[in-house]
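**Q** What follows is a predicted protein model with its sequence.
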Amino acid sequence: MAKILITGAAGGQGHLVARLAAARGDEVVGVDRVPMAGFEDGTQVRAYVVDLMRRKFEDVVRHERPDAVVHLAFVRHFRTDLATRHKINVAGTRLLLDYCAEYGVRQLVVVSSAYAYGALPENPSYMHEDFALNVSRTYPEVRDIAEVDTLCSAFLWQHPEVRTAILRPVNTLGDSVHSAIGGYLKQSYVPTILGFDPMMQFLHEEDLARAILLSVERKLRGIFNVAGPGAVPLHVAIEQVGGTQVPLPEVALRPIVRRLFGFGLYPVPPGAIDFIKFPCTVSDERFRAATGFEPRWSLRDIFERFRTERERSAA
C-alpha cells in the first residue's frame, strides 16, 4: 500500500489509473484543473481542483507527502494555442520535478509518448529507448513532448533519491482516452497517403493503466517503451474499426490538412501526417523484462471494442 498522487486525475487515463490504484488498496490523491468525477462502485479518492502552475499545488504536495507521483497532466490536443500548451507541459513539469525533490517523493512515473521518437523514413523497425527523440524535426507543434521527456531524463540522473520512470507508450485506444489516433480512426472515411502503409502499434487504456501501476509497484528507474500485443499495417487497423480507407496523394492531403487546421476544422496540424506515412514502432523488451508485463487486451479485442463505441457514437 502506498500514497499515490496522480496529476491529470480527471482525464480519462488518470481517472482509470486512480480507480485501479484505489481498488488494490493504495491511498490515492487526485489533482486536476477540473473536478474529478466520482466512481460508480463508491471508490474513494481524495481530489483537489488545482492548477499545477499555481502555488496551491505545492501546498498539496507539501501537505500530502505522497510516496509516489504519477504525472499525467499534459495538454495533448491543439485546442489551446501552442505557447500555452508548451507552458503547461514543460513549465508545469519542471515545477512538479522541483516539488518531488523538495518534499521527499520516492517514486515518480512520467507518462510521455512513443511519438517523441518521430515518424521518419530512416526509423528502424522497432526503436529502443536509446534512440534519438526526433519528433521536433518534422512536427514542431509537439516539440514539448520531447522537451518534457528530456527534462525528466535529466532529473532521473540529477536526483537518484527519486526513482524516476519515464514511460513512452504507443497509440492508446479505449472508452475513456481521447487520443489523436482515436479521433483519426473514428472518421467514416479515413484519409491515408497513397503508396504508404506503415506498421502501427496499439495499446488498450486499461493495459496502460496497469503498466503505470506496475512501474510504481516495481519501483522502476529509467526510460521504458510500453507497447501492446503487436503491430499491424495502417490499412488493417482502419478496416478492423469499421472505417473506409481513402488514399490521397501527399501533395493534396498536406495543403488540405494545413488549411483545415488553420481554420480550426481539423484536430491536428499537418506534421501529424508523417505518422500515417512512416513507421514509429518501438521495442518494449526492457519494460517487459523489468515488470513481467503482458497486455491483456489483444489487437482483435481492442479494435472490436473501438468499433462498437464508434458505431454507438454515430447512431
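**A** Thanks, I have it.
**Q** Report the distance from stretch 142-159 to the chain centre.
**A** Going by CA atoms, centre = their mean, to the nearest Å, the spacing between the C-alpha centre of stretch 142-159 and its chain's C-alpha centre is 15 Å.
**Q** in it, what's buried?
**A** Within stretch 142-159, the residues that count as buried by 16 or more other CB atoms under 10 Å are 142-149, 151-153, 155-156, 159. C-beta here means a position set from N, CA and C on the backbone, and glycine is covered the same way.
**Q** For it, give the mean pLDDT please.
**A** In this model, stretch 142-159 carries a mean pLDDT of 96.
**Q** Could you do stretch 76-84 as well?
**A** Mean predicted confidence for stretch 76-84 is 85.
**Q** residue contacts, the closest residue to R296 other than its chain neighbours?
**A** In space, R296 comes closest to D207 once its chain neighbours are excluded; the distance is 6.0 Å by CB to CB, 6 or more residues apart in numbering. By CB atoms under 8 Å, 6 or more residues apart in numbering, the contact set of D207 is G228, P295, R296, W297.
**Q** How about the contacts made by the second one?
**A** Meaning P295. Taking CB under 8 Å, 6+ apart, we find P295 in contact with L203, H204, D207, G228, P229.
**Q** just checking, what packs against the helix or strand bottoming out on mean pLDDT in the chain?
**A** In the chain, the helix or strand scored least confidently by mean pLDDT, DSSP states H and E is helix 82-86, which has a mean of 88. For helix 82-86, the helices and strands in contact under the criterion 3 or more CB pairs under 8 Å, 6 or more residues apart in numbering; DSSP states H and E are helix 143-158.
**Q** now what about the helix it packs on, what contacts it?
**A** Among residues not part of helix 143-158, those counted as contacts by CB under 8 Å, 6+ apart are 74, 85-86, 89-90, 93-94, 97, 101, 110, 112-113, 115-116, 133, 135-136, 162, 164, 166, 168, 221-223.
**Q** Can you flag which of those belong to helices?
**A** R85, H86, T93, R94, L97, A101, V135, S136 (DSSP state H).
**Q** now, among the residues you listed, which is nearest to D67?
**A** A101 (14.7 Å; CB to CB).
**Q** quick one: contacts for the nearest residue to that closest one once chain neighbours are set aside?
**A** Beyond its immediate neighbours in the sequence, the residue positioned closest to A101 (CB to CB, 6+ apart) is H159, lying 5.1 Å away. Taking CB under 8 Å, 6+ apart as the definition of contact, the neighbours of H159 are L97, C100, A101.
**Q** Looking at these, spot the one nearest A23.
**A** Using CB to CB, the contacts of H159 come closest to A23 at C100, 24.9 Å.
**Q** is it true that that closest one touches L108?
**A** Yes: in this structure, C100 sits in contact with L108. The criterion is CB atoms under 8 Å, and the distance is 5.3 Å.
**Q** Now for these two: what residues contact both?
**A** Counting by CB under 8 Å, 6+ apart, the shared contacts of C100 and L108 are V69, V162.
**Q** neighbour-wise, which of those two wins?
**A** Using other CB atoms under 10 Å as the criterion, C100 and L108 rank with L108 on top: 28 against 24.
**Q** quick one on the thing from earlier: ok, of the ones in helices among the contacts of helix 143-158, which one's closest to A237?
**A** For these, the closest approach to A237 (CB to CB) belongs to V135, at 20.8 Å.
**Q** Grab the nearest non-local neighbour of the closest one.
**A** Using CB to CB, 6+ apart and skipping the chain neighbours, the partner closest in space to V135 is G118 (3.8 Å).
**Q** close enough to count as contact, the one you found and L133?
**A** Yes: the pair G118 and L133 passes the contact test of CB under 8 Å, sitting 7.2 Å apart.
**Q** Please identify which of those two sits among more neighbours.
**A** Set side by side, G118 and L133 give different neighbour counts by other CB under 10 Å, the larger being at G118 (25 against 19).
**Q** Kindly give the local confidence score, pLDDT, for that one.
**A** If you check G118, the pLDDT there is 96.
**Q** dump the residue contacts of it.
**A** G118 makes contact with L133, N134, V135, S136, R137, T138, Y139, D274, C280, according to CB under 8 Å, 6+ apart.
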